[in-house]
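1. What shape does this take:
(one chain, ligands or ions: 1)
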Amino acid sequence: MKIRKIKLRELKEADIFKEKILNPEKKRRYRPYYKILKNYKREPSLFIGAYDKNRIIGVAFGHIIKNRILLGEMAVLEEYRNKGIGKKILKKIEQNSKKLNKKYIELGALDNAEKFYLKQNYKPIIFVQIYPKNILKNYNHLNYKIIKETNYVDSKRFYIEVKRYDPKLKEKIKKEFKAYDVIYLFRKYL
Ligand SMILES: CC(C)(COP(=O)(O)OP(=O)(O)OC[C@H]1O[C@@H](n2cnc3c(N)ncnc32)[C@H](O)[C@@H]1OP(=O)(O)O)[C@@H](O)C(=O)NCCC(=O)NCCS
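-> Okay, the predicted model is just below:
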């Protein structure tokens, strides 16, 4: 098994591989291939694959956003999970991100992968998205530490500090904020 940079000629296959795992019913709106290719051309060292005799068994795709690396996609083939492969791929992304002098790595986690990132020492932040029609006048009474707030035409977004990981907190915040989506973001400073 080898952990290495994905070659340009292997990128399409790697993209299909991660779609099969992360988006089997083609329900979600994942980054389309032309964007993946654009990100790859800008910084190929953030596209890492795990290969077992040239067969792809794991991937992670990262890209640069100013002073951070956004880890957009990460997946290991089911029969190869819990063997330390995900951990090794992530380490490689961290090393290469550090070489690029970036400050931190960030990602939005799928529910069932949250504990994986906690184990790799990533720190949780809650990310809340609210439709304009559900925006409240004031959020102070909810007593959360809002680190950052952004306003888009189609949504308002909050980043909330959390002291420790609590799997039930997302549902609670979803109700309190009348949010349409609440996820854990994970961050690791390099
Ligand atoms: C999440 C994923 C990439 C982890 O890859 P992996 O190769 O199985 O992870 P590793 O074997 O390196 O695991 C490292 C540690 O995390 C733990 N771990 C891995 N996945 C976990 C999970 N889903 N929940 C809890 N712990 C997990 C392992 O038990 C291991 O613990 P240890 O160090 O105490 O032995 C893989 O499970 C996967 O592809 N899942 C489906 C797609 C997905 O959720 N991708 C993430 C999108 S954000």
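
2. Got phi/psi on the closest residue to residue 30 other than its chain neighbours?
-> Leaving out its chain neighbours, the residue that sits closest to residue 30 by C-beta to C-beta, 6 or more residues apart in numbering is residue 23, at 5.4 Å. All C-beta atoms are positioned from the backbone trio N, CA, C, and that covers glycine. Dihedral angles of residue 23 (phi, psi; degrees, to the nearest 10) stand at phi -140, psi 50.

3. So what's the residue count around residue 23?
-> The number of residues packed near residue 23 is 14, by other C-beta atoms under 10 Å.

4. So it is in contact with residue 17, correct?
-> No: assessed by C-beta atoms under 8 Å, residue 23 is found out of contact with residue 17, at 11.2 Å.

5. now the residue lying closest to residue 119 once chain neighbours are set aside: how far from the ligand?
-> Leaving aside its sequence neighbours, residue 119 sits nearest to residue 87 (C-beta to C-beta, 6+ apart; 8.0 Å). Applying C-beta to the nearest ligand atom, to the nearest Å, the value for residue 87 to the ligand is 3 Å.

6. Residue 117 is in contact with residue 87, correct?
-> No: shown here, residue 87 and residue 117 do not form a contact pair, counting by C-beta under 8 Å, at 10.5 Å.

7. the more surrounded of these two?
-> For residue 87 and residue 117, the more surrounded residue by other C-beta under 10 Å is residue 117, and the numbers stand at 24 against 12.

8. Does the more buried one lie in a helix or a strand, and which?
-> Applying DSSP states H and E as the criterion places residue 117 in helix 114-119.

9. That helix - contacts with which helices or strands?
-> Under the contact criterion of 3 or more C-beta pairs under 8 Å, 6 or more residues apart in numbering; DSSP states H and E, helix 114-119 touches strand 181-189.

10. how far out from the middle of the chain is the strand it packs on?
-> Its chain's C-alpha centre and that of strand 181-189 lie 8 Å apart, by C-alpha atoms, centre = their mean, to the nearest Å.

11. Any part of that strand near the ligand?
-> No: applying C-beta under 6 Å from any ligand atom, one finds strand 181-189 out of contact with the ligand, separated by at least 8.5 Å.

12. pLDDT averaged over that strand, what's the number?
-> Regarding strand 181-189, the rounded mean pLDDT is 97.

13. what lines up beside that strand in the sheet?
-> strand 104-108 (antiparallel), strand 123-130 (antiparallel) (DSSP bridges).

14. just so I know, which of those lies nearest the ligand?
-> strand 104-108 (6.0 Å; C-beta to the nearest ligand atom).

15. got a list of contacts for that closest one?
-> By C-beta atoms under 8 Å, 6 or more residues apart in numbering, the residues outside strand 104-108 that reach it are 62, 67-72, 74, 93-94, 97, 117, 122, 127, 183-190.
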